[in-house]
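In: how would this look folded up:
(chains A and B, ligands or ions: 2)
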Amino acid sequence: MAEVLVLVEPVDGAVGKSALELLTLAGRLGTPVAVVVGSADGGVADELGRFGAATILSADDDVLTSTVSAGVVSLLASLVSSRSATAVLVPSTPAGKEIAGRLGVRLDSGVLTDAVDASVSDAGEIFIEQSVFGGSTVVHSRVTRGVPIVTVRPNSVTPVEAPVSPQVQGVSVPADSGRHAVATSRTPAAAGGRPGLTEASVVVAGGRGVGAAEKFAVIEELADVLSAAVGASRAATDAGWYPHAAQVGQTGVTVAPQLYIACGISGAIQHRAGMQTSKTIVAINKDPEAPIFELADFGVVGDLHVVVPQLIEEIRKRK
Amino acid sequence: MRIVVCVKQVPDTWSEKKLDPADQTLDRGAAEGVIDELDTYAVEEALRLKESHDGSSVVVLSMGPPPAAETLRKALQMGVDEAVHVVDDALHGSDALATSLVLAKAIEHIGYDLVIVGSESTDARMGVIAAMLAERLGVPQATLAGKVEVDGSSLRVTRVTASEQALVEAELPAVVGVLEKINEPRYPSFKGIMAAKSKPMTTLSLADLGVDASSVGLVAAATAVVDSAQRPPRGERTIVTDDGDGGARIAEFLVAQKLL
Ligand SMILES: Cc1cc2nc3c(=O)[nH]c(=O)nc-3n(C[C@H](O)[C@H](O)[C@H](O)COP(=O)(O)OP(=O)(O)OC[C@H]3O[C@@H](n4cnc5c(N)ncnc54)[C@H](O)[C@@H]3O)c2cc1C
Ligand SMILES: Nc1ncnc2c1ncn2[C@@H]1O[C@H](COP(=O)(O)O)[C@@H](O)[C@H]1O
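Out: Residues are numbered from 1 along each chain as shown, chains lettered A, B, ... in the order given. Ligands and ions are numbered 1, 2, ... in the order given. Purely as a prediction, here's the structure:
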């Protein structure tokens, strides 16, 4: 059966939720094959097998992590041809999109980014669903030339267990004499104890209305009672109240959690671009005219410094 | 150092917000194209590199229909030395593969040590062009840059992703993609606006670049939209004013939605 390659980049020997989402989607399109950057030892192979990876191709080569895109693109390009894959799925992160773009050029194949779903027809044609214009429009697209290269937005697919005993196979990265940018040092982003922003099923975000860096404590407290990730508007990150990595929006992270709680955020179009496909949106803002209320399923016009602590209490009571 | 900056003309980011069916003027304004605000960071970074490296020049490049000349003019007003506009009827409907093909040909035609592009366009939001250009030009890709330094022919970029910050190094020529956090774009000065009037703007067709019209545009697109539909509007909205029970009411809502 047709093989669908899924790019998996384990972090510290652990497989992220988005890899499982991609495997689930790949299972709907054909036989999922996980292409693992680094070793697929123990836990990694087990986890990928649990979510349907019949074959695991593990490539343990420094070039994959030291070069910007180049190593991974060469690896995927060689595997697409050697395995006659019918599609390639890559996580829709900024770095993932870059890989998809280069691979598209290398293979002269159509690239579709930010897919939220996919299906295959009886004739084997793959259809990709994208949610565009900030979620207001649903588009179905098709790749009409080459092997579909698709980036999939985190949190769009529910991972479904489909246990198989995977065949693990080592693969090598083809030699490449090109000139590439190389990472000479790297600093991991502070992880903190919270779920990752794109993977979290609940995101609590604070904006200029929070008022000060130390006042983000109340946002974090709400996040923690909900096991949520913390996000921020650009106004809050620019003010230095919260790390830039937490910025949600057009020039930050795009999130699509089950629940997004916006606290003291006006809802500027650039912010909305990063959160409006959230399944349920709750907003707290003292300005009844704030555009965020146009998006909110439930909104409270009020002072977040009053409303949020009460909400935290109420959640604790119900636990 | 010769720097080529790629800029795109897009519908005004704020157009959606300004869309008022009762107000025709705003409606027309909304349809008007502007320089992609994310690309102004690329222009600014190019100008800063030029200012700190003697003997450098900056060329701004855009592919798009005739009104895109306005976008190029804006970059000239900011201080860019010359503009190149690729315009051809056959380009209509080009996908990212075709766009990168044409831009790469134009960049080679112009000549370059460094190419700078924005992180993504505010309309397409694909974020693939920088990587595609590196692939097509066969030069290093130094993208998602929060900081760019050039020393002689060596390039150092701080690459920022959700999981890490990496110091990335390469030799020129190279392609750089800049994040919006990198700088604060300048506004054109009066002097800049006046000076822009006499700066060269070259228009190139596909034939000038040796690109076959059949390899671009709608006919050559490797992707196709099958159908599209408006998503039904979000369900019922409830907005309440806090009367001392705002937090409790959110909790009730969350319970009712089975989110708690
Ligand atoms: C190129 C570009 C890219 C951008 N990218 C992004 C992006 O990725 N993400 C992003 O978020 N923004 C982005 N922006 C910025 C965006 O335009 C807005 O400026 C920003 O989102 C505003 O943040 P805010 O809502 O926190 O602040 P404001 O717009 O100032 O809103 C603060 C809100 O808090 C409310 N408030 C104040 N005090 C309280 C209180 N005590 N209780 C309750 N409510 C209170 C106010 O009523 C107000 O509505 C970008 C802008 C540009 C030009
Ligand atoms: N038609 C175009 N002309 C010039 N530059 C472009 C064009 N399209 C995209 N770019 C550049 O590529 C970047 C990324 O665009 P995209 O991959 O479409 O999101 C933009 O920020 C621009 O710098």
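In: neighbours of the residue of the stretch 151-260 of chain B at minimum distance from ligand 2, just the number please.
Out: Residue of the stretch 151-260 of chain B nearest ligand 2, by CB to the nearest ligand atom: B:Gly177 (7.2 Å). For every residue, glycine as well, the C-beta is placed using N, CA and C. By other CB atoms under 10 Å in any protein chain shown, 29 other residues sit near B:Gly177.
In: Show me what it is bridged to.
Out: B:Val117 (DSSP bridges).
In: Return the distance of it relative to A:Ala87.
Out: Applying CB to CB, to the nearest Å, the value for B:Gly177 to A:Ala87 is 26 Å.
In: And A:Phe216, by the same measure?
Out: According to CB to CB, A:Phe216 and A:Ala87 sit 42 Å apart.
In: So between these two, which is more surrounded?
Out: Comparing A:Phe216 with A:Ala87 by neighbour count (other CB under 10 Å), the higher total belongs to A:Ala87, at 24 against 20.
In: Go ahead and confirm the more buried one touches A:Val150.
Out: Yes. Counting by CB atoms under 8 Å, A:Val150 is a contact partner of A:Ala87 at 6.4 Å.
In: secondary structure element for the residue nearest to A:Pro309 when sequence neighbours are not counted?
Out: Spatial nearest neighbour of A:Pro309, chain neighbours left out: A:Val218 (6.4 Å); criterion: CB to CB, 6 or more residues apart in numbering or on different chains. If you go by DSSP states H and E, A:Val218 is part of helix A:216-225.
In: Packing partners of that helix?
Out: strand A:202-206, strand A:229-232, strand A:259-263, helix A:304-318 (3 or more CB pairs under 8 Å, 6 or more residues apart in numbering or on different chains; DSSP states H and E).
In: Low-confidence stretches in the stretch 151-260 of chain B?
Out: Nowhere does the stretch 151-260 of chain B drop to pLDDT under 70.
In: do the same with the stretch 1-150 of chain B
Out: B:13-32.
In: Tell me who's in contact with whichever residue of it sits closest to ligand 2.
Out: Distance from ligand 2 to each residue of the stretch 1-150 of chain B (CB to the nearest ligand atom) is smallest for B:Gly118, at 2.5 Å. Contacts for B:Gly118 (CB atoms under 8 Å, 6 or more residues apart in numbering or on different chains) come out as B:6-8, B:36, B:38-39, B:41-42, B:177-178.
In: Farthest-apart pair in the residues you listed, please.
Out: Greatest spatial distance among those (CB to CB): B:Lys8 and B:Val178, at 14.0 Å.
In: More neighbours: which of these two?
Out: B:Val178 (29 against 25).
In: Does that one touch B:Tyr41 like I think?
Out: Yes. Contact criterion CB under 8 Å: B:Val178 and B:Tyr41 qualify, at 5.3 Å.
In: In stretch A:266-280, which residues are buried?
Out: Applying a neighbour-count criterion of 16 or more other CB atoms under 10 Å in any protein chain shown, one finds A:266-278, A:280 buried in stretch A:266-280.
In: I'd like the average pLDDT over stretch A:15-24.
Out: On average, the pLDDT along stretch A:15-24 is 94.
In: Give me the contact list for that stretch.
Out: A:6-10, A:32, A:34, A:43-44, A:47-48, A:51-53, A:89-91, A:152, A:154-160, A:162, A:196, A:198-199.
In: can you give me how far it is from the chain middle?
Out: Taking CA atoms, centre = their mean, to the nearest Å, the mean C-alpha location of stretch A:15-24 is offset from the chain mean by 10 Å.
In: can you check stretch A:253-269 too?
Out: The answer for stretch A:253-269 is 15 Å, by CA atoms, centre = their mean.
In: Is any residue of it near ligand 1?
Out: Yes. Judged by CB under 6 Å from any ligand atom, stretch A:253-269 and ligand 1 are in contact via A:264-266, A:268.
In: give me the subset of the residues you listed touching chain B.
Out: When contact is defined as CB under 8 Å from any CB of the partner chain, these do not meet chain B at all.
In: right, and out of those, which lies closest to ligand 2?
Out: Closest to ligand 2 out of those is A:Ala268 (19.7 Å), distances taken as CB to the nearest ligand atom.
In: so what's the closest one up against?
Out: Per CB under 8 Å, 6+ apart, neighbours of A:Ala268: A:233, A:249, A:291.
In: For whichever residue of the stretch 151-260 of chain B sits closest to ligand 1, give its distance to B:Val10.
Out: Closest to ligand 1 within the stretch 151-260 of chain B is B:Glu180: 5.1 Å, counting by CB to the nearest ligand atom. Separation of B:Glu180 from B:Val10 (CB to CB): 14 Å.
In: And for B:Ala96?
Out: Taken as CB to CB, the span from B:Ala96 to B:Val10 is 14 Å.
In: out of the two, which sits in the busier spot?
Out: Here B:Ala96 and B:Val10 are compared on neighbour count by other CB under 10 Å; more neighbours surround B:Ala96, at 26 against 21.
In: quick one, helices of the stretch 101-250 of chain B?
Out: B:129-137, B:190-196, B:206-209, B:217-220, B:246-256 (DSSP state H, counting those that start in this stretch).
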